[in-house]
Each structure stands twice: as structure tokens, then as C-alpha cells.
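**Student:** need a structure here:
(one chain, ligands or ions: 1)
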Amino acid sequence: MADPVRVRLAPSPTGDPHVGTAYVALHNMAWAKKNGGVFVLRIEDTDRTRYSPDSERRIFESLRWLGIRWDEGPDVGGDFGPYRQSERLAIYKEHCEILLAKSAAYLCFCTAERLDWMRKDQMRRGAQVGYDGHCRMMPPEEARKKQSAGEPCVMRLAVPREGETEYHDIPRGRIVFKNAAVDDQVLLKTDGFPTYHLANVVDDHLMKITHIIRAEEWLSSVPKHIHLYRAFGWPIPKMCHLSLLRSPDRSKLSKRKNPTSIEWYRQQGFLPEAIVNFLALMGSAMVAGKEEPEVFSLEEWIQGFDLSKIGATGPIFDIKKLEWLNGVYMRKLPSETLAKRLVDEKFSPPELTGEKFQKILPLVQERLKRLSEFKELADFFFAAPASIEPALLIPKGRDSTSTRQALEKILDRWKGLTEWSAGVLEASAVEVMQQLGWKKGEIFMAIRVAITGKTATPPICDVCVALGRDETLRRIENAQKC
Ligand code: GLU
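**Tutor:** Purely as a prediction, here's the structure:
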């Protein structure tokens, strides 16, 4: 029987939680779910110069917000922990000893100055840049002696100099590389921390990872990893390198061109399900046989998910498409869910009460493309306009006296109404309009501006119903004074 599928996401906590991390996470989670397997989250924090303590928490938070869940990890535990590489240093040291004993690795005492000189010399000669093997020839006893005497050193992989090695990448097929082109990679640094390469391979093996699904940028590391797996005598997991997300101009997605932090999208009022749909849509084809094949839930996507369907071209991260998808999801949200999201994500004024909410939400929902637009679209529900622009209030070709009179008439009529409904309000406003010889657009715009201070709002008579009689009349009275 084949080994149970085990996949992993291995982020380095070095900065903002990146949309690319979520993209890779989704693919891993989907493959685990599709196969009844296990999804592991491992924190790769061995690069202490780039490590940021806050970043791990923010990565967890952002992934969880998107609905991404892992079965094993630093925060949820599991049988293969610890899941933070900085807590596994003894394991890496032990594996370094194994490699040294097999002569698959060696200690290197070259100073930074020598390495710098070597690199410059190689560049000057137009030769391949990489470690020149200076310490590779040193007898192991001599190297041990130097190490015991406290001389700073690193450990390097002794990559075979001749021959070729090949491997299979799921989207790209067979890949062959010349061993001579592979550098004698540093595995253990002077600070006693492993490099990404050693820790990554050791952990993928010890955590019984069956499929490595990660970003394309790691493709060039695979040759080193293959040599490491071979040196240990371990089986090589299946590999699937996902093409990098690209900006619409096809360049690599970068902060300068497009926001890349998941937190930014959250702060901008995007919905997690829209982002997930968007990322999934980029990863593989739409869910076929659906009425809206581009709009699907995570579960639907997972059902049709297959690693072998993943292509090798870079999907385009088109924020306009995300905005469109977000609008689709915003309109679909049940009112109570929308209300809860607005409050939870702090996009609504705290004084919002349940009853008022129910009246105004349906009025603005249709026009909301992001949660963050709620404040701007709905602010007039919570407070009367601080000031009213006469240029907006007074219809073109009319003057302030006639506008005031029109509002006075509306006020008179509306004060006497026994029923406060949109239909009744509209009918009486139309009567006033006819008496005055105004156009429909003129009278309703004057009322709209008087009540909201704005020229674009949901249907104004609905707004008046939501505000209630007293508040509406008070606002018209105030507007007359301006
Ligand atoms: N730590 C690497 C990263 O930050 C992981 C690469 C891999 O998945 O092997 O993306």
C-alpha cells in the first residue's frame, strides 16, 4: 500500500504574510484533503538574520482568516514535532555527523575574505561561480582537530563532480542537470544553525512528507536536495513546483506593483472566501459544469483538484478580477453574516444597533464591493451631514429661495402623512414636484442632498424609511437653514 499522503507548508517568518504563501498553502491543503492525507505546517526559522518574531503569528492569523487549516504544526502539535526548525537544532547536528561519517560532507574553514577573493577571481575569469573545493581535500582528522581547537567553520555538501542527475517535477516533467554545475552547498553555518537546504531535506524526510508542493523559486535548489537525499540514502518525495504568481505585465508579483500582503487585502475589506476563490482560480481551471464556473467554494475546488492538472505557466494576479469576485461574494452574503463581518472586522461604527442595521444593510449591500466601503456608503445613516454643499442641494437653473420653498412643501406634506413608507413618500414628493413644475431628478436630488449631504445614495425614500420620520424631518428642516 502506498504511504499516506503527507504534505507541508514551510514558511519562513521573515515578513508580511504573502499571498503566495496562501496560494501554496491552498494547494497543499487541497491535495491532503483530496487524498485523506495530512497537511503539516512547519516554520523554517533558521535564517536568524531575517527572522522576525511577529511574522510567525501574523502568518498563522492570516492563513486562518482565509480558512486554511493544518493538521500538524507548532500551534496544534502532532507526532512529528517540534515543528519550528529553531527547536530542532540537535536533530540537524546529528544528521551532519551522519553525512561527515559517510564523507558526503566536509568541514570548510575558508574565511569570508578568501571566499570573496575566490568569487571575484572566478567572475574575472568568466568561470562558474561557486565554492572551489579548497577544504574538500583536507584530511578529515586535520579538519576535526581545527574544529576542536575552536576554528570557525561551516559544513558543506560534497557534491559529485561528474555525471548528471535527473528528477521529475509534476508540472514540468523530467529535469536533468549536470552535477558539475551544483555548488558544494553550505549545510551548517558557523552559528550552528543549518541552512534551509539541510533543515528542509531532513525535516521533509523525518516528517514523512510524500509530496513537496511549493513555489517555483525553489526549483533551482532541487539538485542540491537530490544529492542530500541520496547521501542519506533516503527516498525522494514527489515534487510539484507551482509557477510564480505574476503581475498583469507578466513580471514576478512584487510589493512595488501590487500589494502582496494578505493583511492588506483584509484591511481593504476583501472577503476571505473571495480571496480563496481567486487564488484557487489562478491555480487550476474553473470548476466545470457550474452555472458560474469561476465562482466556487473551497470544497468544490478541492473536489476537482488534481496535481497532475497543474500547468507550468505563471498565473496572473489580476486585482480587478479579485475585486469583481469580491463584489459577487458581498452580494451573496446573508444580511446577518454581512453584519457580523462588518462589526468583527471593524468596518462599522460601534453605535450600530440591531434594528437599524437590518433596515440599512439591504439598502447598501447591492453597492458594496468591499467591506471597507460600508462606512463611506452608510455614514449618513448614523449622523446627519455635518454641512451641506449649496451647489449640490440647489438644482442647476434654480435658486436657493425656490429650493428652500420646495423643501418646505415636502416637509409640510411629509409631516401630515399617516403612513411612513417609501411608496407614500415618493407619491407625495411627486405631487410637490408637479405643483412646482420641477423635474423628478431635481426634487429627489434636493431631498437626497438635504438628508444625506450626498448625491449618490440608495433610493432616497427607502433611506427615509430606514432613518425614521423624526430624523428625516429634522434633517430637512436643518437643510432649509443652510
Ligand atoms: N522556507 C521556504 C519558504 O520560505 C520553504 C521552501 C520549501 O517549501 O521548501 O518558502
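**Student:** for the lowest-mean-pLDDT helix or strand in the chain, name the packing helices and strands.
**Tutor:** Comparing helices and strands within the chain by mean pLDDT, DSSP states H and E singles out helix 354-365 as the least confident, with a mean of 81. In this structure, helix 354-365 packs against helix 335-344, helix 373-382, helix 460-467, with contacts taken as 3 or more Cβ pairs under 8 Å, 6 or more residues apart in numbering; DSSP states H and E. In short, each C-beta sits where N, CA and C put it, glycine included.
**Student:** let's see it at 10 Å
**Tutor:** With contacts defined as 3 or more Cβ pairs under 10 Å, 6 or more residues apart in numbering; DSSP states H and E, the packing partners of helix 354-365 are helix 319-332, helix 335-344, helix 373-382, helix 460-467.
**Student:** which residues touch stretch 299-311?
**Tutor:** 7, 26-27, 29-35, 170-172, 211, 213, 238, 240-243, 276-277, 279-281, 283-290, 296-298 (Cβ atoms under 10 Å, 6 or more residues apart in numbering).
**Student:** for the stretch 151-300 of the chain, what spans make up the helices?
**Tutor:** When secondary structure is read from DSSP state H, counting those that start in this stretch, the stretch 151-300 of the chain shows helices at 196-206, 222-232, 262-267, 272-283, 298-303.
**Student:** now the fourth one, how far from the centre of its chain.
**Tutor:** Yep, that's helix 272-283 we're talking about. Taking Cα atoms, centre = their mean, to the nearest Å, the mean C-alpha location of helix 272-283 is offset from the chain mean by 9 Å.
**Student:** ditto for the first one
**Tutor:** In terms of Cα atoms, centre = their mean, the gap separating the centre of helix 196-206 from the centre of its chain is 26 Å.
**Student:** flag every residue of the stretch 51-200 of the chain that's near the ligand.
**Tutor:** Residues of the stretch 51-200 of the chain lying close to the ligand (Cβ under 6 Å from any ligand atom) are 196, 200.
**Student:** closest residue of the stretch 51-200 of the chain to the ligand?
**Tutor:** Relative to the ligand, the nearest point of the stretch 51-200 of the chain is residue 200 (4.9 Å; Cβ to the nearest ligand atom).
**Student:** so what's the residue count around that residue?
**Tutor:** As a burial measure, the neighbour count of residue 200 was computed by other Cβ atoms under 10 Å and equals 25.
**Student:** OK, contacts around whatever residue of the stretch 151-300 of the chain ends up closest to the ligand?
**Tutor:** Using Cβ to the nearest ligand atom, the closest approach of the stretch 151-300 of the chain to the ligand is made by residue 214 at 3.5 Å. Contacts here follow Cβ under 10 Å, 6+ apart; on that basis residue 214 touches 7-10, 24, 27-28, 200, 221, 239-242.
**Student:** in PyMOL, select just the buried ones from these.
**Tutor:** When burial is assessed using 16 or more other Cβ atoms under 10 Å, the buried subset of the contacts of residue 214 is captured in PyMOL by this command:
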select buried, resi 7+8+9+10+24+27+28+200+239+240+241+242
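**Student:** that older thread, tilt between the least confident helix or strand of the chain and helix 335-344?
**Tutor:** 100 degrees (axes from the mean of the first three to the mean of the last three Cα atoms, to 10 degrees).
**Student:** what does helix 354-365 rub up against?
**Tutor:** When contacts are taken as Cβ under 10 Å, 6+ apart, the neighbours of helix 354-365 outside the stretch itself are 330-336, 338-339, 342-343, 348, 352, 368, 373-374, 376-378, 380-382, 457-459, 462-463, 465-468.
**Student:** again, only this time at 8 Å
**Tutor:** Outside helix 354-365, the residues within contact range by Cβ atoms under 8 Å, 6 or more residues apart in numbering are 330-331, 333, 335, 338-339, 374, 377-378, 381, 458-459, 462-463, 465-466.
**Student:** tell me the phi and psi of residue 18?
**Tutor:** With angles defined as degrees, to the nearest 10, residue 18 sits at phi -90, psi 140.
**Student:** for residue 24, see how far away the residue nearest to it when sequence neighbours are not counted is.
**Tutor:** For residue 18, the nearest residue in space outside its immediate sequence neighbours is residue 260; the separation is 5.3 Å by Cβ to Cβ, 6 or more residues apart in numbering. To residue 24, residue 260 is 13 Å away according to Cβ to Cβ, to the nearest Å.
**Student:** rebuild the helices of the stretch 151-300 of the chain as TSV, extending it with mean pLDDT.
**Tutor:** Putting the helices of the stretch 151-300 of the chain into TSV (pLDDT from 0 to 100) gives the following:
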stretch	mean pLDDT
helix 196-206	98
helix 222-232	97
helix 262-267	97
helix 272-283	93
helix 298-303	91
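**Student:** ok, which of these comes nearest residue 400?
**Tutor:** Of all these, helix 262-267 sits nearest to residue 400, with 41.9 Å by Cβ to Cβ.
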